[in-house]
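A.B. asks: here is my input, please return the structure:
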Amino acid sequence: MTMHFEIIKKDRDTQARTGILHTTHGIVHTPVFMPVATRGAIRALTIRDIEEIGFEIILSNTYHMYIRPGIELLKEVGGLHNFMNYHKPILTDSGGFQVFSLADLRKVHDNGVEFKSHIDGSKHFFSPQKVLDIQKVIGSDIMMVLDECVEYPSTHHAAQKAVDRTLHWAATSFEYWKN
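C.D. replies: Next comes the predicted model:
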């Protein structure tokens, strides 16, 4: 199934809209609230709870899934849907938030981010391309491109540099994905 977005209703004054996002693993009505399964589990809720509540999509994190349980395990089990026994849409963040939250454990370069694992100190380089490859193994329905989140407060110069770098990474990701 090709992913597509269908607008159901649009407000003439504000341009606010409701819609349906069609993905491989199901539909998502928007606007939407996504419970967070950063590390492949939603705290205090079972998959059955999630289904009974009626959530249509969850959010997970590329960096954390890559570090633990690890990309090899996710390959073995056929992705995060199988790992969690959750068969509705999953959106994965790129790991860009960890650029901010793990500031002491990373180095940002124009071609990506070098992380030092918060678990064992091992080094891992996340390029825009690698982030997409990881998310493909995860089985993400919606993938986020690598982005640079800056701290607050931030200088205008630092924020502009992060925006420019993120736009470059987005363009790199787009070219990589379409080829």
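
A.B. asks: contacts for stretch 19-37, please.
C.D. replies: 1-8, 17-18, 42, 45, 50, 55-60, 81, 84, 86-91, 141-142 (CB atoms under 8 Å, 6 or more residues apart in numbering). Every residue, glycine included, has its C-beta placed from N, CA and C.

A.B. asks: PyMOL command for the buried members of the residues you listed?
C.D. replies: A single PyMOL command suffices to select whichever of those are buried according to 16 or more other CB atoms under 10 Å:
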select buried, resi 42+45+50+55+56+57+58+59+60+81+84+86+88+89+90+91+141+142
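
A.B. asks: can you flag which of the contacts of stretch 19-37 belong to helices?
C.D. replies: 50, 81, 84 (DSSP state H).

A.B. asks: give the burial count for S173, as a bare number.
C.D. replies: S173 has 21 neighbours, counted by other CB atoms under 10 Å.

A.B. asks: any idea which element it lies in?
C.D. replies: helix 156-178 (DSSP states H and E).

A.B. asks: for that helix, buried residues please.
C.D. replies: Here helix 156-178 shows 161-162, 165-166, 169, 172-173, 176 as buried, counting by 16+ other CB under 10 Å.

A.B. asks: same check on stretch 25-34?
C.D. replies: Under 16+ other CB under 10 Å, the buried positions of stretch 25-34 are 25, 28, 30, 34.
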